[in-house]
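> prediction below, plus the sequence it came from.
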Amino acid sequence: MLACRLGEAQPRDRLTNLLWGDRGDRQARHSLSQTLTSIRGVIGDAADPFTAERETLAARLDVVSADVIDLVDLAERNDLESLRAAADLYRGPLLEGFRLHEAAFDEWLAQERSRFHNLGLSVLMKLAEREAAGGDAAAATSVLECALALDQLSEEVHRRLMRLHLDRGNYNAVIRHYRDCSELLKRELGTVPEPATTALYAEARAKLKETPAAEAAPVHQILAPREEKQDIRFCMTADGVRIAFASAGDGPPLVKTANWLNHLEFDWQSPVWRHLLHDLTRDFRLIRYDERGNGLSDWKVDDFSIEAFVHDLETVVDAAGLDRFPLLGISQGCAVAISYAVRHPERVTSMVLHGGYAKGWRARANPSEIAQREAMLTLVREGWGQDNPAFRQIFTSWYIPDGSLEQWRWWNDLQRISTSPDNAVRLMIELGKIDVTHLLPQVAVPTLVLHSRDDAAVPFSAGRELATSIPGARFLSLDSRNHVILEQEPAWPRFRDEVRSFLRAQGAEPLRRSAG
């Protein structure tokens with residue numbers, strides 16, 4: 001309490017009233033004296049932490065060290081390093097969880113908590129502003145995400161995040177923040193966003209409409225955060241399913257097979273996927289697609305088998321006019337890539353398989369895993385389509401446990417917009433049946449297998465099985481808990497460099513056939 005007053009002398013009567021209420025003047029003063037003696041005894045031979053007068057007490061700032069004192073001091077300095085240090089100190093409410101059940105003390109604590117909460121938010125806002133001014137928009141975004149976690153109802157924080165995303169071209173993120181903010185304000189306060197917030201939302205929608213599109217071709221182009229563009233087209237499978245596929249970049253082709261779950265537009269700007277997708281377009285013409293039942297492809301389909309997934313890939317590479325190309329498989333996409341490579345060895349130059357498996361969760365026949373997955377099926381049936389992300393957060397924590405708040409929210413949103421609850425259940429069931437172990441010895445192309453050591457979504461042993469059974473495959477374990485390697489983790493530079501080096505080493509630039 002004395003530390004909160006930053007050396008300012010406090011009347012003893014006020015302190016006794018706050019701590020012991022109306023026990024009586026003499027008894028309360030005696031309790032205060034005992035408390036001071038106890039504190040001095042804990043400190044030992046160090047200098048007296050108090051300036052004690054007959055009627056007042058004060059903390060000696062040259063002796064006492066406390067986070068609230070340091071926070072105020074660092075905030076007042078106002079330079080970048082001090083603000084960063086202050087932000088590290090502020091992690092939540094003052095004396096969180098502490099109560100004396102004395103009305104006067106509880107009222108005092110509520111006021112102090114409000115004061116330091118406002119100071120902490122002010123520090124985070126100033127720090128975000130400094131980081132952005134220094135050109136580090138990612139750091140500024142991260143700071144504002146922390147501020148939002150501390151105060152979800154702060155419209156100013158939402159607005160600053162929207163401004164950052166707008167300046168970086170992340171228009172979908174602006175729209176998402178506006179909707180989140182609107183829902184919170186309506187539910188918690190019964191209000192609507194301020195005009196300044198709505199203006200940012202309107203600007204983002206206008207920017208999306210201004211995104212160039214080729215009127216004469218069946219193609220949609222969308223501006224990504226780093227100014228790369230992707231072309232989205234559609235093709236039709238033999239069983240009448242419309243598949244959306246996208247291409248970006250000008251190098252030799254690289255085909256990424258679809259995985260759980262994809263949405264060509266949403267992934268392109270997502271903080272979960274964009275670092276990988278945009279990095280690959282620097283060296284390759286990246287072709288990827290939304291498998292049946294996902295994203296921009298048809299959702300109403302009858303067949304979700306591995307055979308149907310392979311047919312989708314066959315249809316896409318033919319529509320894209322590709323002859324020979326490497327394959328990138330992630331998660332379930334590894335089984336699809338393996339099946340295609342065995343079926344069409346003349347067309348595949350090499351494969352990169354990350355976080356994959358030859359046997360799905362039911363085919364692996366692990367009773368504990370099967371029980372978990374069946375519980376997940378129940379959760380999907382009951383909660384997938386709800387506005388409340390609590391159900392989907394379970395999946396998010398499973399796939400990217402070390403993700404940031406922003407990445408978690410994007411993954412939560414991805415699950416809802418990429419497919420329906422019914423399709424999600426059907427996909428999970430069919431993915432559990434996958435078994436391509438008999439094909440592994442038949443793979444005849446250079447293969448790099450990567451897997452996160454602590455991946456909770458797909459066992460590490462599944463990755464080792466791929467590398468052991470594919471002739472000549474190279475195996476690389478990644479120090480990560482995430483099923484999808486995120487940009488901020490140490491495993492990402494290693495993943496990026498190893499994949500790039502491997503693909504570049506696989507022969508001459510592939511030839512392309514003309515489309516149509």
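Nice, thanks for sending it over. Residues are numbered from 1 along each chain as shown.
> so how far is stretch 166-173 off the chain centroid?
16 Å (CA atoms, centre = their mean, to the nearest Å).
> next, the distance between the ends of that stretch.
Stretch 166-173 has its terminal residues 8 Å apart, counting by CA to CA, to the nearest Å.
> could you list the low-pLDDT ranges of the stretch 1-150 of the chain?
Counting by pLDDT under 70, the stretch 1-150 of the chain shows low-confidence ranges at 1-8, 10, 12-46, 48-50, 52, 57-74, 89-109, 112-113, 116.
> repeat the analysis, applying 80 as the threshold.
1-78, 83, 85-121, 138, 142, 146, 149-150 (pLDDT under 80).
> residues touching Val484, list them.
By CB atoms under 8 Å, 6 or more residues apart in numbering, Val484 lies in contact with Val272, Trp273, Ile330, Gly355, Tyr399, Ile400. Bear in mind the C-beta positions are built from the backbone N, C-alpha and C, glycine included.
> pretty sure the first one contacts Trp411?
Yes. Contact status for Val272 versus Trp411: in contact at 5.7 Å, counting by CB atoms under 8 Å.
> quick one: least confident helix or strand in this protein?
Between all helices and strands in the chain, the lowest mean by mean pLDDT, DSSP states H and E belongs to strand 220-223, at a mean of 34.
> beyond it, next helix or strand please.
Scanning forward in sequence from strand 220-223 by DSSP states H and E, the next helix or strand is strand 229-236.
> against which helices or strands is that following strand packed?
The contact analysis (3 or more CB pairs under 8 Å, 6 or more residues apart in numbering; DSSP states H and E) places strand 229-236 against strand 220-223, strand 242-248, helix 264-269, helix 306-319.
> can you tell me the element the closest residue to Gln393 other than its chain neighbours falls in?
In this structure, Gln393 finds its nearest non-sequential neighbour in Asn412, 6.0 Å apart by CB to CB, 6 or more residues apart in numbering. Element membership of Asn412, judged by DSSP H and E, is helix 405-418.
> got it, and Gly472?
Residue-wise, Gly472 maps onto no helix or strand under DSSP H and E.
> quick one: it and Val445 touch, right?
No. Taking CB under 8 Å as the definition, Gly472 is not a contact partner of Val445, at 9.3 Å.
> quick one, the helix or strand hosting Leu377 and helix 405-418 angle?
Here Leu377, judged by DSSP H and E, is contained in helix 367-383. For helix 367-383 against helix 405-418, the angle by axes from the mean of the first three to the mean of the last three CA atoms, to 10 degrees is 70 degrees.
> mind listing the helices for the stretch 251-400 of the chain?
264-269, 274-280, 306-319, 333-343, 367-383, 390-399 (DSSP state H, counting those that start in this stretch).
> quick one: closest of the ones you listed to Glu498.
Glu498 sits nearest to helix 274-280 of all the helices of the stretch 251-400 of the chain, at 12.6 Å, using CB to CB.
> now the closest one - C-alpha only, PDB.
The C-alpha coordinates for helix 274-280 follow below in PDB (Å, rounded to 0.1, in the frame of the first residue of the first chain):
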ATOM      1  CA  ARG A 274       1.200 -16.200 -44.800                       C
ATOM      2  CA  HIS A 275       4.900 -16.400 -43.900                       C
ATOM      3  CA  LEU A 276       5.200 -19.900 -45.500                       C
ATOM      4  CA  LEU A 277       3.100 -19.100 -48.500                       C
ATOM      5  CA  HIS A 278       4.800 -15.800 -49.300                       C
ATOM      6  CA  ASP A 279       8.300 -17.100 -48.700                       C
ATOM      7  CA  LEU A 280       7.700 -20.000 -51.200                       C
END
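> list the helices and strands that helix packs on?
Partner elements for helix 274-280 (3+ CB pairs under 8 Å, 6+ apart): helix 264-269, strand 285-290, helix 491-504.
> CSV for these, including mean neighbour count?
Shown next, in CSV, are the helices and strands packed on helix 274-280 (neighbours: other CB atoms under 10 Å):
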stretch, mean neighbour count
helix 264-269, 22
strand 285-290, 26
helix 491-504, 16
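> mind checking which of the ones you listed is nearest Asp180?
helix 264-269 (15.5 Å).
> show residues contacting the closest one.
For helix 264-269, using CB under 8 Å, 6+ apart, the contacting residues are 170-173, 222, 224-225, 230, 232, 244-246, 273-274, 277, 288-290, 295-296, 410, 413-414, 417-418.
> report pLDDT for the residue nearest the centre of the chain.
The chain has Gln407 as the residue nearest its centroid, 1.5 Å off, counting by CA atoms, centre = their mean. Gln407 is assigned 87 on the pLDDT scale.
> could you report the neighbour count for the spatially closest residue to Thr56 that is not a sequence neighbour?
Among residues not flanking Thr56 along the chain, Ala9 sits closest, at 4.2 Å (CB to CB, 6+ apart). For Ala9, the tally of surrounding residues (other CB atoms under 10 Å) stands at 15.
> Ala9 touches Arg54, doesn't it?
No. Using CB under 8 Å, Ala9 is not in contact with Arg54; the gap is 11.5 Å.
> circling back to that earlier point, pipe the helices and strands packed on helix 274-280 into TSV and attach mean pLDDT per row.
Listed next are the helices and strands packed on helix 274-280 as TSV, based on pLDDT from 0 to 100:
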stretch	mean pLDDT
helix 264-269	88
strand 285-290	96
helix 491-504	94
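> would you map the strands across the chain?
Under the criterion DSSP state E, strands of the chain are mapped to 10-11, 50-52, 56-59, 220-223, 229-236, 242-248, 253-256, 285-290, 325-330, 348-354, 447-452, 474-478.
> can you check which of these gets nearest to Ala132?
strand 220-223 (20.4 Å).
> was I right to think Ala341 contacts Pro446?
No. Ala341 is not in contact with Pro446 according to CB under 8 Å; the separation is 10.6 Å.
> now the common contact residues for these two.
Contact criterion CB under 8 Å, 6+ apart; residues shared by Ala341 and Pro446: Met351.
> what about the two, which has more around it?
Ranked by neighbour count (other CB under 10 Å), Ala341 and Pro446 place Ala341 first, with 25 against 21.
> now do the contacts for the more buried one.
Leu327, Val348, Met351, Val443, Ala444, Val445.
> still on that earlier bit, ok, the residue nearest to the centre of the chain touching Trp273?
No. Gln407 is beyond contact range of Trp273, at 9.8 Å (criterion: CB under 8 Å).
> quick one: which of the contacts of Ala341 is most hemmed in?
Going by other CB under 10 Å, Met351 tops the contacts of Ala341 with 28 neighbours.
> can you pull out the low-pLDDT segments for the stretch 151-300 of the chain?
172-173, 176-177, 187, 190, 192, 207-229.
> just give the nearest non-adjacent residue to Cys334, would you?
Per CB to CB, 6+ apart, closest to Cys334 is Gly356, 2.5 Å.
> and that neighbour, what are its phi and psi?
Backbone torsions for Gly356, taken as degrees, to the nearest 10, come to phi -100, psi -180.
> number of residues surrounding it?
28.
> please tell me how far it sits from Trp260.
12 Å (CB to CB, to the nearest Å).
> same check on Tyr178?
28 Å.
> just give me the neighbour total for the residue lying closest to Tyr178 once chain neighbours are set aside.
Here the nearest residue to Tyr178 in space, its sequence neighbours aside, is Tyr201; by CB to CB, 6+ apart that works out to 3.9 Å. For Tyr201, the number of neighbouring residues by other CB under 10 Å comes to 21.
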